[in-house]
Structures are given as C-alpha cells and as structure tokens.
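1. here is a sequence with its predicted model. Questions after.
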Amino acid sequence: MTAENRTPPGREEGPLPETGTAVPAAADPVERLLAEVVEETQPAPVALHHDMRGRGAIVTGGSSGIGRAIALELARSGVHVAINYFDDGDRRTRARAEATAAELRQLEVNVLCRACDVRDPAAVNAFVDEARETFGGLDILVNNAGIARDRALWRMSDEQWQEVLDTNLTGAFHMIRAVAPIFRAQQHGKIVNVSSVHGIRSEFGLANYAASKAGLIGLTRSAAIELGPSNVNVNAVAPGYIRTTRLTDGVAPEVLDRARERSVLGRLGDPQDVAHVVIFLCSEQARHITGAVIPVDGGHLL
Ligand code: NAI
C-alpha cells in the first residue's frame, strides 16, 4: 500500500463533514479528535516580513553591536524603531547612539533614541510610553541590552554580580512588564530576548553572566506561558561568539580562537546573523513559535 492510497484504520472513505457540521457521537476516534478542533486558521500568504511594515518596535541597547544590527534590520522591514542606551557619561556613547539613530532615519522610518537605564523601572515605563505615543502603537520588544563582568566567582564582588543580574535579567523583566498591558490589550505582540549560549552551557568566569542569561531563558518561558493566551509570542535567541566591539575589544584573542574552533562552522558570528533570526521571530512567519530558545552559534553547543 502506498502513502497516497493509505486510509487511516477505522476511517471510512468519503467526504469529511463541513466545518461547523455536528459530528455524530458514534464517530471514530480520529473524527472525534478533529471535532475538538474548533477553528483551523491558515497563515496569510505574505512576502517575507512585509507584514511588519508600519509596526512599532523597541530594541534595548540598540545603539551598538547586535542591537544596532537588529534595529537596522527592523527598519529595513519598514518598522519604526526606538533604541535606548546606557548613559555612562562618556560623550562617545551618546554620539554612537545618535549615529545609529541617523542611520535608522535614512531608512525612512520614525526613530526614537533615548538614554534609558533598563535597571530603572520608572525610566523604562517612561521610555515605553514615549515610544508608543511617538509611533502610535507598539508591537515588538527586543530585550538586547546586556553587559558582562567576568571574574572567577570567588573574586566576584557583590557589585559585579548584581550589576549583571540587574541589567541582563531584571532589565528585561522591567521591559516585559511595561509592554505586557499594551500587548494584552491589543491581543498581539512579539518579544525576543537576547540570551546567550552561556545561558545553556557556561564557562569559567561567567557565574554572573551565565546565571543572568539562564534566568532570561526561564523568564522567556514564563512570559510565553502568561502572554500566549493574549496572542503574544515570546522567544529567545542564544548567540554564540558574535563579532562586536565588546567581543573584539574585551576578549582575549586565544578565547576567540577557541570559540572559532568550537563552532562547527569554524567562524565567529556577525551581528547580522543574530538580527536575521530575531526579525524572523518578530514576523508573522514565526506566529506558531513561542517559548523557544534558538541558538545562533555556528554549532557551538553541539
Ligand atoms: P554591546 O556592548 O555592543 O551592546 C550592549 C548594549 O547594551 C549597549 O548599547 C549598551 O548601551 C546597552 N546597555 C548596557 N547596559 C544598559 C543598561 N543598564 N540600560 C540600557 N542599556 C544598556 O554588546 P553586544 O555584543 O552587541 O551584546 C548585545 C547583547 O547580546 C547582550 O545582551 C549580550 O549579552 C548578548 N550576547 C552577545 C554575544 C557576543 O558575542 N557579542 C554573545 C551572546 C550574547
């Protein structure tokens, strides 16, 4: 018997009942299961990411590195983008953020660029409100802001521990809590959290960072469960070593060589590699994916 002419056991040949047709109580098990499906919908056939045009997004830490690549990719899809950065008092930090904002504006979308510390819940609420007012709505949140303070844990100070947890994990919580009422009221929204392979498998000196990124995966799953009934998708990406200045300026060359060897593709990633996956998760093409953690690591975790 070929796959084409195989009939499920106990299933009669013949037309299926039309949608809404009452299924007789004595129907076979397959038909009883089908009858439980109240309504089947089909994803709309849209060109890749064209559905995102005119949406409003927040990308935390969007002024540099991976966040900048995500913000630019969203803007290329016609999404209005709000980026924030941590004002460390260095003039160059602000200049870099303004430069990214200018690049985004060239893509003919509305852009908001603010200094906003994700550790500060009042500042986060004000930033979210301003983004929503500026764009006339808010549909996408990408929690990308993050820091590292690597140290053997017996030498790690309370401040180094707390700063990383507060930024990478509590900051994401503040943002999700601020957008949740908006997304719930409108019954749609996309949240993507930028975790790390180190949230799945750690290395020496990363106790604070690994804990924060593993926590972010737990937060992703909880938020997916709580916001799923409101048609909000919450996912995470887990990048491996990605070539940003944070990495090239701050990580020893031998560590990068080891990371390259560990990647089965034999290379480090680029910010764009992460951005493409994030954009997919923000699009309607990914509407049936939630609570997932997608490695973008060249096979680092294998
Ligand atoms: P980056 O240093 O270029 O970007 C970090 C951004 O976060 C900056 O724009 C900074 O202003 C912002 N930020 C830091 N503290 C903040 C705070 N308290 N409030 C608001 N914004 C704050 O670094 P990169 O490499 O682009 O990293 C982006 C994200 O990707 C981070 O969460 C990082 O942990 C994660 N990641 C990076 C990998 C890499 O190899 N570069 C690998 C895996 C994950």
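-> Received it, and whenever you're ready, just let me know what you need.

2. which ones are touching the residue nearest the centre of the chain?
-> Of all residues in the chain, the one closest to the mean position by C-alpha atoms, centre = their mean is residue 192, 1.6 Å from it. The contact partners of residue 192, by C-beta atoms under 8 Å, 6 or more residues apart in numbering, come to 140-143, 234-237, 278, 281-282. Using the backbone N, CA and C atoms, a C-beta is placed for each residue, glycine as well.

3. ditto for residue 220
-> 193, 195, 234-236, 291, 293.

4. restrict these to contacts with the ligand.
-> Counting by C-beta under 6 Å from any ligand atom, nothing from the contacts of residue 220 sits close to the ligand.

5. show me which of those is closest to the ligand.
-> Within those, proximity to the ligand (C-beta to the nearest ligand atom) peaks at residue 195, which comes in at 6.9 Å.

6. right, and the closest one touches residue 236 too?
-> Yes - with contact defined as C-beta atoms under 8 Å, residue 195 counts as touching residue 236 (4.5 Å).

7. where do the helices sit along the stretch 1-150 of the chain?
-> 29-36, 65-76, 91-105, 121-135 (DSSP state H, counting those that start in this stretch).

8. ok, which of the ones you listed comes nearest the ligand?
-> Among the helices of the stretch 1-150 of the chain, helix 65-76 sits nearest to the ligand (C-beta to the nearest ligand atom), with 2.1 Å.

9. gap between that closest one and the chain center?
-> For helix 65-76, the separation from the chain centroid amounts to 12 Å (computed by C-alpha atoms, centre = their mean, to the nearest Å).

10. list the helices and strands it packs on?
-> Judged by 3 or more C-beta pairs under 8 Å, 6 or more residues apart in numbering; DSSP states H and E, helix 65-76 is in contact with strand 56-60, strand 80-85, helix 91-105, strand 140-143, helix 271-282.
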